[in-house]
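**Student:** here is my input, please return the structure:
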Amino acid sequence: MLKLVLSISVCLLLSCANAFAATKIGTWNLEHLSIRDTKDFKAIAKVAQKVDFLAVQELMNEEALGALAKELTRQTGKQWNFMASHAVGRSSYKEMYGFVWRDDAVAYEDGAVTYLDRKDTFEREPYSARFKSLTDNSYFVVATVHILYGKSQADRASEIVALSSYWSWLKETYPGNNQIMLMGDFNTPPTSPAWDSLDSSAKPLVLSGASTLSTTDGKFANLYDNIFVSKDSTVKVNSVQVFNYPKYLGLTHAQGRSSVSDHAPIFLNADLSKGGKSGSVVKANQTPTKSTSARASNNNAANVAIIGNRKTLVYHRPDCPSYNAVAEKNRVSFASESDALTQHYRLAGNCKEA
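**Tutor:** Residues are numbered from 1 along each chain as shown. Below you'll find the model as predicted:
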């Protein structure tokens, strides 16, 4: 009897340890996320706080991501951080990608970069960076993309096929990192033949259900959102789900589409510890990006001006993730941080204290 009790106790302890080591990661198309009265940041944060890390698509400006991080900090009592890509898109319509994370669970490591699409296949070039899970000290790479919707599946197929080359690029850019995750809004279900080129390297974690809100409450239309991991990955998936946020928030689909998004998020609970090689970023393969590594050397920083945003009165050092993300029309330069502070600017929230 005593042996049975001890055995059960050990199992419970191991289960608790595994639960503690799990990292919660999400991806969410937040449909034109920007600062406007119709966007309910309190509701978005109530859902987003269910994960430690969230990749965001359809981000329209960095200020909106900062507002989300601020609301998450307020609701959880924990500090949240964020970083954004520059605006991408061939036409006058452009979007950004964003990452937001809880500081006591995840840390930005390095390698924030926008893909250099030499063949100009992607309407919106993917964005990626390397992070560290503070629950088990493992490293993981997140790449996010919003595939062109177009007028038909044929318009999307070329970008889906090109993801195979992008996946190879990710493996070369972040060598030694077994836990690479490609997530976002693919506007294509995982059953499409267009995925055949990527199928030999990566697999989708969500195979059934749907992630876009239909006009009928409780019903979802298409499985467009997903998370792909390497077929060689050692990630242990504890759970993955399309999170029914309208039901959780007590909203109709019409209300959700109006104030939150027409997409539901994908939430992953996983143990990343077995793929925790630190690796390193191959800088030669990195491409020009509007977000630079937060680990840039102070010597290099001394030779580059401080960039401020005259609209938000926020400034960025060269080692800050969003140093080059400030729109040209809002950009102002300072010779030093003290000059920026004198002009009543404050340090960007995603910059690490020097």
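**Student:** in the chain, which residue is closest to the centre?
**Tutor:** A55 (2.1 Å; Cα atoms, centre = their mean).
**Student:** which residue ranges of the stretch 151-300 of the chain form strands?
**Tutor:** 180-185, 202-204, 225-230, 236-242, 266-271 (DSSP state E, counting those that start in this stretch).
**Student:** give me the pLDDT value at N61.
**Tutor:** N61 carries a pLDDT value of 95.
**Student:** so after the helix or strand bottoming out on mean pLDDT in the chain, what's the next helix or strand?
**Tutor:** One helix or strand of the chain scores below all others by mean pLDDT, DSSP states H and E: helix 298-301, with a mean of 32. Downstream of helix 298-301, the first helix or strand assigned by DSSP states H and E is strand 306-309.
**Student:** wait, a helix at the residue nearest to the centre of the chain?
**Tutor:** No: the assignment for A55, made by DSSP: H, G, I helix; E, B strand; the rest coil, is strand rather than a helix.
**Student:** that one touches L30, doesn't it?
**Tutor:** No: the pair A55 / L30 is not scored as a contact, 10.4 Å apart, by Cβ atoms under 8 Å. Where C-beta positions appear, they are placed from N, C-alpha and C, glycine not excepted.
**Student:** and the strands of the stretch 151-300 of the chain, which is most packed in?
**Tutor:** With neighbours taken as mean count of other Cβ atoms under 10 Å, the strands of the stretch 151-300 of the chain reach their highest mean count in strand 180-185, at a mean of 26.
**Student:** okay, now the sheet partners of that one, with direction.
**Tutor:** strand 138-146 (parallel), strand 225-230 (antiparallel) (DSSP bridges).
**Student:** list the contacts of that strand.
**Tutor:** Residues outside strand 180-185 that contact it (Cβ atoms under 8 Å, 6 or more residues apart in numbering) are 25, 27, 29, 55, 57-58, 126, 140-147, 163, 166-167, 170-171, 174, 202, 224-230, 233, 263, 266.
**Student:** check stretch 195-208 too.
**Tutor:** Under Cβ under 8 Å, 6+ apart, the answer for stretch 195-208 is 160-161, 163-164, 167-168, 182, 188, 190, 223, 225-231, 237, 240-242, 266, 268.
**Student:** show me what counts as buried in it.
**Tutor:** W195, L198, S201, A202, K203, P204, L205, V206 (16 or more other Cβ atoms under 10 Å).
**Student:** end to end, how far does it reach?
**Tutor:** End-to-end span of stretch 195-208 (Cα to Cα, to the nearest Å): 16 Å.
**Student:** for the record, mean pLDDT for it?
**Tutor:** pLDDT averaged over stretch 195-208 gives 95.
**Student:** surely W101 meets F53?
**Tutor:** Yes: the criterion here is Cβ under 8 Å, and W101 meets it with F53 at 4.3 Å.
**Student:** any common contacting residues for the two?
**Tutor:** Common contacts of W101 and F53 (Cβ under 8 Å, 6+ apart): F131.
**Student:** these two: who's more crowded?
**Tutor:** W101 (26 against 22; other Cβ atoms under 10 Å).
**Student:** now T216: closest residue in space that isn't a chain neighbour?
**Tutor:** Distance criterion Cβ to Cβ, 6 or more residues apart in numbering; nearest residue to T216, sequence neighbours excluded, is H253 at 6.8 Å.
**Student:** since we're on the one you found, how many residues are nearby?
**Tutor:** For H253, using other Cβ under 10 Å, the count is 18.
**Student:** could you measure from it over to V326?
**Tutor:** Note on H253: its distance to V326, by Cβ to Cβ, to the nearest Å, is 36 Å.
**Student:** repeat that for H316.
**Tutor:** Distance from H316 to V326, by Cβ to Cβ: 7 Å.
**Student:** identify the contacts common to these two.
**Tutor:** I307, G308, N309.
**Student:** tell me the contacts of V47?
**Tutor:** Contacts of V47 (Cβ under 8 Å, 6+ apart): F243, Y245, Y248, L249, V260, P265.
**Student:** from those, which single one is nearest E63?
**Tutor:** Checking the contacts of V47 against E63 by Cβ to Cβ gives V260 as the nearest, at 18.1 Å.
**Student:** relative to H146, how far out is the closest one?
**Tutor:** For V260, the distance to H146 - Cβ to Cβ - is 17 Å.
**Student:** for the stretch 1-150 of the chain, which spans come out with low pLDDT?
**Tutor:** 1-20 (pLDDT under 70).
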